[in-house]
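K.L.:
fold the stuff below for me.
(chains A, B and C)
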Amino acid sequence: MVTHREIRVSTVGQDDLIDLTDDVAAVVASTGVMDGVVVAFVVGSTAAVTTIEFEPGLAHDLPAALELIAPRHGHYEHEARWHDDNGHSHVRASLIGPSLTIPLVKGKLTLGTWQQVVLFECDTRPRERTVIVQVLGE
Amino acid sequence: MVTHREIRVSTVGQDDLIDLTDDVAAVVASTGVMDGVVVAFVVGSTAAVTTIEFEPGLAHDLPAALELIAPRHGHYEHEARWHDDNGHSHVRASLIGPSLTIPLVKGKLTLGTWQQVVLFECDTRPRERTVIVQVLGE
Amino acid sequence: MVTHREIRVSTVGQDDLIDLTDDVAAVVASTGVMDGVVVAFVVGSTAAVTTIEFEPGLAHDLPAALELIAPRHGHYEHEARWHDDNGHSHVRASLIGPSLTIPLVKGKLTLGTWQQVVLFECDTRPRERTVIVQVLGE
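P.N.:
Numbering: from 1, shown residues only, chains lettered A, B, ... in the order given. Predicted coordinates for the structure are as follows:
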């Protein structure tokens, strides 16, 4: 059985971290799937999906680490070619990746207590994001 | 067909790299699934799952690279808030990610000869880890 | 329904970025699957699969960022043990990861307009790469 839903979220731009866990769990619950997997995939090349302990400290620390590898005001060939300001956003998003696959057991996501599914906005400006949620199972 | 198993491993703490390949392959073999995918997902927000050539050199080199982006003794808002010592562990785990999906062909994982499935412990202390292994296929 | 195909590509070595989107979409179209997921997985431990806006600027910027965390001419225990030159290749590939899972809706990959599926060659020499494409769905 395959079920497809979309989660739409508004981000405030650079470094916004949004907890999707309840939304993804609600999609899973609505399908009635007990055993399987759920895939969360963000459409677009300047945002990423991963898991993290969702708390304000790490919402600061994750972008601070990425600033060391893809600094916001560094030189990017992408920006030189396209005259925009989000070369670092693309690099950060590609490193973390757009996709996450989580097992479902007895209808529940197998997350730890302090492990949340998050959308990480890497772009510099506010964006309307679509996260595709695909549930496969029985 | 969906089959769910759990692999439990004890880690020695910071930078421990554990080869899960044989355990994951054994789960797949026990299901009889010939074509499909296997998902390995570590529960918790301070460990990660990826592939690597499992040998002692890279077990040193991977954490050494992460030390440049999320140093063990750097400043973390997470640590300031929670009075612990594993801000870097969360950042590293979120960057690599908790999840890996591998195709199954003729009942085998499609890994390269020098490509192993590994659990990478990012936390500072020894942990008991649960890796969920979900097999989907026919 | 599970369908398995392989995409074979020749890379020119270090930092080669190859757009797999059309090949993956063609595999999906050939299966007739309308709802499900497609998994792209690169065999081997010195290449990675992710999404990026496929344009020459970012093809420069992504490896430039990785050079800050895993420099090509840095010291690697892997190289000291095996007398080769690709310690950084392994580290980069493990950080990005070998695997990508993309939802399929109405027979199409749910990518953004400027979001392509890419193989990122991290090894120093030209390689023949096999990307396993597994389609699950109905």
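
K.L.:
helix or strand for the residue nearest the centre of chain A, which one?
P.N.:
In chain A, the centroid-proximal residue (CA atoms, centre = their mean) is A:Val49; its distance is 2.2 Å. In the assignment (DSSP states H and E), A:Val49 maps to strand A:47-52.

K.L.:
pull the distance from that strand to the chain's centre.
P.N.:
Relative to its chain's centre, strand A:47-52 lies at 4 Å (CA atoms, centre = their mean, to the nearest Å).

K.L.:
give me the number of residues near the residue in chain A that chain B sits nearest to?
P.N.:
With CB to the nearest CB as the measure, A:Gly57 is the residue of chain A nearest to chain B, at 3.5 Å. Just so you know, the C-beta spots here come from the backbone N, C-alpha and C atoms, and that holds for glycine as well. Using other CB atoms under 10 Å in any protein chain shown, A:Gly57 is surrounded by 18 other residues.

K.L.:
show me where chain A has strands.
P.N.:
A:2-10, A:17-19, A:36-42, A:47-52, A:99-105, A:108-109, A:116-121, A:128-137 (DSSP state E).

K.L.:
format those strands as JSON lines; extra columns: distance to B:Thr130 and mean pLDDT.
P.N.:
Below are the strands of chain A laid out as JSON lines (distance: least, CB to CB, whole Å; pLDDT from 0 to 100):
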{"stretch": "strand A:2-10", "distance to B:Thr130": "26", "mean pLDDT": "97"}
{"stretch": "strand A:17-19", "distance to B:Thr130": "22", "mean pLDDT": "98"}
{"stretch": "strand A:36-42", "distance to B:Thr130": "16", "mean pLDDT": "98"}
{"stretch": "strand A:47-52", "distance to B:Thr130": "14", "mean pLDDT": "98"}
{"stretch": "strand A:99-105", "distance to B:Thr130": "11", "mean pLDDT": "98"}
{"stretch": "strand A:108-109", "distance to B:Thr130": "14", "mean pLDDT": "98"}
{"stretch": "strand A:116-121", "distance to B:Thr130": "17", "mean pLDDT": "98"}
{"stretch": "strand A:128-137", "distance to B:Thr130": "20", "mean pLDDT": "98"}
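
K.L.:
out of those strands, the one nearest C:Leu20 is which?
P.N.:
strand A:99-105 (14.5 Å; CB to CB).

K.L.:
and the angle for the closest one with strand B:36-42?
P.N.:
If you take axes from the mean of the first three to the mean of the last three CA atoms, to 10 degrees, strand A:99-105 sits at 90 degrees to strand B:36-42.

K.L.:
ok, strand A:99-105 near chain C or not?
P.N.:
Yes. Using CB under 8 Å from any CB of the partner chain, strand A:99-105 reaches chain C at A:Ser99, A:Thr101.

K.L.:
got the residues of chain A near chain C?
P.N.:
With CB under 8 Å from any CB as the criterion, chain A comes near chain C at residues A:2, A:4, A:39, A:41, A:43-45, A:68-70, A:76-82, A:87, A:90-91, A:93-95, A:97-99, A:101, A:132-134, A:136.

K.L.:
how about a cut-off of 7 Å?
P.N.:
A:2, A:4, A:39, A:41, A:43-45, A:69-70, A:76-78, A:80-82, A:87, A:90-91, A:94-95, A:97-99, A:101, A:132, A:134, A:136 (CB under 7 Å from any CB of the partner chain).

K.L.:
can you pull the contacts of the residue nearest to A:Arg81 when sequence neighbours are not counted?
P.N.:
For A:Arg81, ignoring the flanking residues on the chain, the nearest one in space by CB to CB, 6 or more residues apart in numbering or on different chains is C:Gly57 at 4.4 Å. Shown in contact with C:Gly57 (CB atoms under 7 Å, 6 or more residues apart in numbering or on different chains): A:Tyr76, A:Glu77, A:His78, A:Ala80, A:Arg81, A:Trp82.

K.L.:
which of those residues fall in helices?
P.N.:
A:Glu77, A:His78, A:Ala80, A:Arg81, A:Trp82 (DSSP state H).

K.L.:
count the residues that sit near the last one.
P.N.:
So the one you mean is A:Trp82. Neighbours of A:Trp82 under the rule other CB under 10 Å: 15.

K.L.:
grab the longest helix from chain A for me.
P.N.:
Identified as the longest helix of chain A according to DSSP H is helix A:56-69.

K.L.:
run the angle between it and strand A:47-52 for me.
P.N.:
Using the same axes, to 10 degrees: helix A:56-69 against strand A:47-52 is 130 degrees.

K.L.:
helix A:56-69: which residues count as buried?
P.N.:
Within helix A:56-69, the residues that count as buried by 16 or more other CB atoms under 10 Å in any protein chain shown are A:Gly57, A:Leu58, A:Ala59, A:His60, A:Asp61, A:Leu62, A:Pro63, A:Ala64, A:Ala65, A:Leu66, A:Glu67, A:Ile69.

K.L.:
what about A:Thr11, how many neighbours?
P.N.:
Look at A:Thr11: counted by other CB under 10 Å, it has 20 neighbours.

K.L.:
next up, the contacts around it.
P.N.:
A:Thr11 neighbours (CB under 7 Å, 6+ apart): A:Ile18, A:Glu121, A:Pro126, A:Arg127, A:Arg129.

K.L.:
if we can go back for a sec, what angle do the longest helix of chain A and strand A:116-121 make?
P.N.:
50 degrees.

K.L.:
before we move on, back to that, show me the two of the contacts of A:Thr11 that sit farthest apart.
P.N.:
Going by CB to CB, the pair spanning those furthest: A:Ile18 and A:Pro126, at 12.0 Å.

K.L.:
which of those two has more neighbours?
P.N.:
Neighbours per residue (other CB under 10 Å) separate A:Ile18 from A:Pro126, with A:Ile18 holding more: 21 against 13.

K.L.:
let me see the contact set for the closest residue to the more buried one other than its chain neighbours.
P.N.:
Among residues not flanking A:Ile18 along the chain, A:Leu119 sits closest, at 4.5 Å (CB to CB, 6+ apart). Neighbouring residues of A:Leu119 by CB under 7 Å, 6+ apart: A:Val9, A:Ile18, A:Leu20, A:Val42, A:Ala47, A:Val49, A:Arg129, A:Val131.
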